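# return atomic coordinates for the entry below.
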Amino acid sequence: MKTVKSKIITISIIIASMIFIGSCNKRNNSGPQLPDDQSQANLGGITISDNFEWKTARNVTIKITSATPQVITISSTDQEIRYHRGMLTETGEYNITLSIPYTINAVSINGQTVGISSKNITCNLNDLKAATATIIDSDGDGIADNLDDFPTIPTQSFNNFTPATGTGSLGFEDLWPGKGDYDFNDIVVDYNFATITNPGNKVVQITATFILKASGAFLRNGFGFNLPNANSSLNTHLTVTGYDLRNGYITLNPNGLEAGQSKPTIIVFDDALNMLPHPGVGIGINTENWAPFVPYDTVTIIMTPNSLNYTLNDFSLGTWNPFIIINGERGKEVHLPNYPPTNLVNPIYFGTWDDDTRPGFGKYYKTNTNLPWAINIVETFEWPREKIEIGWAYFHFIEWAQSSGATYPDWYKNYYGYRNNGNIYHPSIP
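Numbering: from 1, shown residues only. This next block holds a predicted model:
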């Protein structure tokens, strides 16, 4: 009895300390936390607004004007994150659409702070003083070395990343059209696109890096993406290499894009278990802390335009459409909420079980309460352990969803009181 009372007193002291510290400051959460009432953190019992997009970042189109040709640098206001760099030429106008996290309310454009409260921003740089420092241009491409990502290569000037923060993460449920368990670990893939452009802002090459980290199921799932808003001519003017296709159910065009598609479509891998072999114990791979760790595997996709006629906007990477292919059945795709399927989907599954896809209303891959089968986080995501619903791991996930993103847009951060570390997978790397 004394032992029980001691435990109760100890727990009360810990909880009181946590509340006091949390009210003073946010900091890294190094220990496990529990929600006040875990039964409340249940996705299956809530309804989400029809209009909620389940996005952690939004696309912002920025129009920049200046009478003076100059390199454009768009960064965070503290200059720690560079969102974009390109050349504003004699045309006097520069347009770019960027994917920017909802946690960011302003950016710096050549040192000028600009709010991004809407999806369309205009910035005039004519009032800025021109630089007077001596310009060193080693490769003679017209871009000063200090602004040139490739100062010794005249055909390459800028290297822009999507997401700009480094690596984003995708988490999928693969029991669609059934709900699944909402741990979003059936496929976990980190991603980043690095786009090299020349002095005229034309795309030289795009390197897309995908890191397969977890497969919380026995299904042999594939993964790919398409570019729904890309310039249509890229379907024939783009060469793709680097994919991991071994199981024979994907048909490619000679240029490496998937055949039968009206939009440029790339299948990154066709079977997660070829890349992450099952360790012999546990339900999935890299979803239980006690199970052996399986090293992550990386696929590097190289996309090369056949001519220097395309800008970043022609690819529209901010609207890319990732998806998984369930268990080798090519027509069975799972996409992010409200993202349409590819031409090869089998529509027989729409509207069955828990799926409430209604193409005529632009609704895809949502339940009748608007819950998704996939999420996209603009930073590296630490996924829940097997059978642990995401709301039990991230305390503010449901608040974010129920508020349609108005509160806790940073729900995925490792701030004090934001997560239950005991419910998150932590690899035991030898």
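# what residues sit buried inside stretch 45-52?
Ile48, Phe52 (16 or more other Cβ atoms under 10 Å). C-beta here means a position set from N, CA and C on the backbone, and glycine is covered the same way.
# how long is it end to end?
17 Å (Cα to Cα, to the nearest Å).
# what lies in contact with it?
The contact list for stretch 45-52 (Cβ atoms under 8 Å, 6 or more residues apart in numbering) reads Lys363, Thr369, Asn370, Leu371, Ile398, Ala401, Gln402, Ser404, Gly405.
# what do you get if the cut-off is 6 Å, keeping everything else the same?
Here stretch 45-52 makes contact (Cβ atoms under 6 Å, 6 or more residues apart in numbering) with Thr369, Asn370, Ala401, Ser404.
# now render those as JSON lines, adding secondary structure and distance to Leu252.
As requested, the contacts of stretch 45-52 are arranged in JSON lines below (DSSP: H, G, I helix; E, B strand; the rest coil; distance: Cβ to Cβ, whole Å):
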{"residue": "Thr369", "secondary structure": "coil", "distance to Leu252": "38"}
{"residue": "Asn370", "secondary structure": "coil", "distance to Leu252": "35"}
{"residue": "Ala401", "secondary structure": "helix", "distance to Leu252": "38"}
{"residue": "Ser404", "secondary structure": "coil", "distance to Leu252": "40"}
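# how about these in JSON lines, adding pLDDT, distance to Ser108 and neighbour count?
Converted to JSON lines, the contacts of stretch 45-52 look like this (pLDDT from 0 to 100; distance: Cβ to Cβ, whole Å; neighbours: other Cβ atoms under 10 Å):
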{"residue": "Thr369", "pLDDT": "96", "distance to Ser108": "40", "neighbour count": "15"}
{"residue": "Asn370", "pLDDT": "97", "distance to Ser108": "36", "neighbour count": "19"}
{"residue": "Ala401", "pLDDT": "97", "distance to Ser108": "31", "neighbour count": "25"}
{"residue": "Ser404", "pLDDT": "97", "distance to Ser108": "28", "neighbour count": "14"}
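# tabulate those in a markdown table, adding columns for distance to Pro384.
Shown next, in a markdown table, are the contacts of stretch 45-52 (distance: Cβ to Cβ, whole Å):
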| residue | distance to Pro384 |
| --- | --- |
| Thr369 | 20 |
| Asn370 | 20 |
| Ala401 | 15 |
| Ser404 | 23 |
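# Asn423: which of those is nearest?
Of all the contacts of stretch 45-52, Ala401 has the smallest distance to Asn423: 17.7 Å, by Cβ to Cβ.
# for that closest one, give its distance to Asp186.
Separation of Ala401 from Asp186 (Cβ to Cβ, to the nearest Å) stands at 19 Å.
# Gly242 too?
For Gly242 relative to Asp186 (Cβ to Cβ), the value is 24 Å.
# neighbour count for the two, which is higher?
Asp186 (29 against 16; other Cβ atoms under 10 Å).
# just to revisit the earlier point, ok, so of the contacts of stretch 45-52, who is nearest Tyr182?
Ala401 (11.2 Å).
# could you check how far the residue nearest to that closest one when sequence neighbours are not counted is from Asn229?
Nearest non-adjacent residue to Ala401, counting by Cβ to Cβ, 6 or more residues apart in numbering: Ile48, 5.3 Å away. Remark: distance between Ile48 and Asn229 (Cβ to Cβ) = 25 Å.
# likewise for Val107?
Applying Cβ to Cβ to Val107 and Asn229 gives a distance of 22 Å.
# quick one, which of these two is more surrounded?
Taking other Cβ under 10 Å, Val107 and Asn229 do not tie; Val107 has more neighbours (23 against 18).
# state the phi and psi torsions of the more buried one.
Main-chain dihedrals, Val107, degrees, to the nearest 10: phi -130, psi 170.
# do the same with Phe361
Torsion angles, degrees, to the nearest 10, at Phe361: phi -110, psi 10.
# give the next helix or strand downstream of the helix or strand of the chain with the lowest mean pLDDT.
Ranked by mean pLDDT, DSSP states H and E, the helix or strand of the chain with the weakest confidence is helix 2-24, at a mean of 39. The helix or strand immediately downstream of helix 2-24 is strand 57-65, counting by DSSP states H and E.
# quick check: next helix or strand after that next one?
Helices and strands here follow DSSP H and E; after strand 57-65, the next one along the chain is strand 70-76.
# who touches that following strand?
Contacts of strand 70-76 (Cβ under 6 Å, 6+ apart): 64, 82-88, 94, 107-110, 147.
# strand 57-65 and whichever helix or strand comes after that strand, what's the angle between them?
With elements assigned by DSSP H and E, the helix or strand that comes after strand 70-76 is strand 82-88. Orientation of strand 82-88 against strand 57-65 (axes from the mean of the first three to the mean of the last three Cα atoms, to 10 degrees) gives an angle of 30 degrees.
# mind starting the numbering at 853 from now?
Done: numbering now begins at 853, and the last item shifts to strand 934-940.
# would you state the strands of the stretch 903-1052 of the chain in chain order?
909-917, 922-928, 934-940, 945-953, 958-961, 964-967, 972-976, 1010-1014, 1020-1024, 1039-1049 (DSSP state E, counting those that start in this stretch).
# counting contacts, what elements does the longest one pack onto?
I take that to be strand 1039-1049. strand 1010-1014, strand 1020-1024, strand 1055-1066 (3 or more Cβ pairs under 6 Å, 6 or more residues apart in numbering; DSSP states H and E).
# same thing but at 8 Å, please
When contacts are defined as 3 or more Cβ pairs under 8 Å, 6 or more residues apart in numbering; DSSP states H and E, strand 1039-1049 packs onto strand 1010-1014, strand 1020-1024, strand 1055-1066, helix 1164-1167, strand 1173-1177.
# please consider this matter closed, and thank you.
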